[in-house]
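A.B. asks: All I have is the shape, not the residue letters:
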């Protein structure tokens, strides 16, 4: 039998879905059903590892398989075999397992989309609405009344790699930027994190958005609800086919909103007959982007090791402008880590903030229980190749500085614990190394692109072209990967869409 009808059915209880469920259900006469493939959980029941500011206690750990996709794989470059792709599931989605890095996109990222209604000035209110900024709240571009608290760990409590990277970068001549979320500025910055500044704990979107909304009679939250496809009747989305308690049923809705993330939203679209060469022929799964990152592994001296397993894994980043390949401001970033999830070592790596390479996602099978096939095609564009080579040379300058060598216990390694390239490596050798060693920053996006042209899947209101009453609201719709971690952009987009007042039941 069909499930109970709702004005709006939201598929995916991750970052975007949590925002939309909470905001849309503020209207007392609008009924909202939220379906999440993973488990529903209450903040009061969260394990200490989830609350920790160190995500390495959760990601990739079998104990928390129900909060991630342990079999999801992606091929990062053409030179690599597919490897695990970390994505969250369960209420809160990837905000439950991510690095808790609250860094905004640049104004140019939004302006260069050239999509009506999504310029920097259009989206800035969304960034302000989502946050309570504890360090720079007096600045006009920040918010002080949002559900998500944002703060920075004081420098005197940074880890050894944090401090060494800061000192090395400032010594080389990079500048200091106290707030990377200000509209201007580049250089060394303390990482803003979305966490409770008093308890110093992770704050997920389940905590910040869903928990305060749970008692509303017009909001139904359902976990362990695997969605197969959207049910379309006469060109209009009327429900979703979903597995509940082991049985397939249809949950009807006046409007369907996919918030299942940049991997699973496009998969649902394609299983629904929306995609390349399908009944609704749209470029779903194309234009996939992420931030490629290449690390130098630093064996740490005993005194440079984190004091406890709960210590923060990273507190500092270095944004810079390469001036290469006609890229824009802050097109590159260097990051350090005091620890990794898999070994007691430090890392210093470079990632391409402004990417030109694009990959793709396709179905492996019509079975919704099987993960899609992902080819990220990282560093396939020559403009990315040139800048990753330059970035690796900058990393070499940093890791061979006195500040970093003072905490280093042995030769530098790559991520397979083999020797890292020497300072005299050729450009070709560094480019080949990047193709072998590049990983991703867990910022997959762009698989159901927003825009006005033929390369777009959704319009400026996130409505799927050619199908009424169906939207996608998550990182899938980014026209391009921002020059920043993607979490805050996802939240800002959801905040803006929720306030446009065009949803069923409003």
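C.D. replies: That came through, no problem. It should be emphasised that the depicted structure is a prediction, and the values quoted were computed from it without experimental measurement.
A.B. asks: in the chain, which ranges drop under the pLDDT threshold?
C.D. replies: When residues are selected by pLDDT under 70, those of the chain lie in 1-4.
A.B. asks: According to the record, where do the domains of it fall?
C.D. replies: Using automatic domain parsing, the domains assigned to the chain come out as 1-42+85-148+203-284+444-506, 153-190+292-354+379-437.
A.B. asks: Okay, now stretch 303-311: how far is its last residue from its first?
C.D. replies: 14 Å (CA to CA, to the nearest Å).
A.B. asks: in it, what counts as buried?
C.D. replies: The neighbour-count check on stretch 303-311 (16 or more other CB atoms under 10 Å) flags 304-306, 310-311 as buried. C-beta: built from backbone N, CA, C; applies to glycine.
A.B. asks: Quick check: the farthest pair among those?
C.D. replies: 304 and 310 (17.2 Å; CB to CB).
A.B. asks: winner for burial among the domains of the chain?
C.D. replies: Among the domains of the chain, domain 1-42+85-148+203-284+444-506 has the highest mean neighbour count (mean count of other CB atoms under 10 Å), at a mean of 21.
A.B. asks: Quick one: the helices in the stretch 1-150 of the chain, in order.
C.D. replies: With DSSP state H, counting those that start in this stretch, the ranges of helices along the stretch 1-150 of the chain come out as 15-24, 48-51, 107-111, 120-130.
A.B. asks: likewise the stretch 151-300 of the chain?
C.D. replies: Applying DSSP H, counting those that start in this stretch to the stretch 151-300 of the chain gives helices spanning 160-172, 205, 211-213, 261-271.
A.B. asks: Quick one: residues in contact with the third one.
C.D. replies: So the one you mean is helix 211-213. Residues from elsewhere that reach helix 211-213 (CB atoms under 8 Å, 6 or more residues apart in numbering): 21-22, 25-26, 42-43, 147, 219.
A.B. asks: Now find how far off-centre it is within its chain.
C.D. replies: 23 Å (CA atoms, centre = their mean, to the nearest Å).
A.B. asks: just to revisit the earlier point, tell me which of the helices of the stretch 151-300 of the chain lies nearest to residue 252.
C.D. replies: Of all the helices of the stretch 151-300 of the chain, helix 261-271 comes closest under CB to CB, at 16.3 Å.
A.B. asks: Can you tell me which helices and strands the closest one packs against?
C.D. replies: strand 226-233, strand 247-258, strand 360-362 (3 or more CB pairs under 8 Å, 6 or more residues apart in numbering; DSSP states H and E).
A.B. asks: Out of these, which is closest to residue 399?
C.D. replies: It is, among those and with distance given as CB to CB, strand 360-362, at 34.0 Å.
A.B. asks: same for the helix or strand just after that closest one, what does it pack against?
C.D. replies: The first helix or strand that comes after strand 360-362 along the chain, using DSSP states H and E, is strand 373-375. Strand 373-375 makes packing contacts with strand 73-74, strand 360-362 when contacts are defined by 3+ CB pairs under 8 Å, 6+ apart.
A.B. asks: With mean neighbour count and distance to residue 472 added, can I get these in CSV?
C.D. replies: Listed next are these as CSV, based on neighbours: other CB atoms under 10 Å; distance: least, CB to CB, whole Å:
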stretch, mean neighbour count, distance to residue 472
strand 73-74, 20, 20
strand 360-362, 21, 13
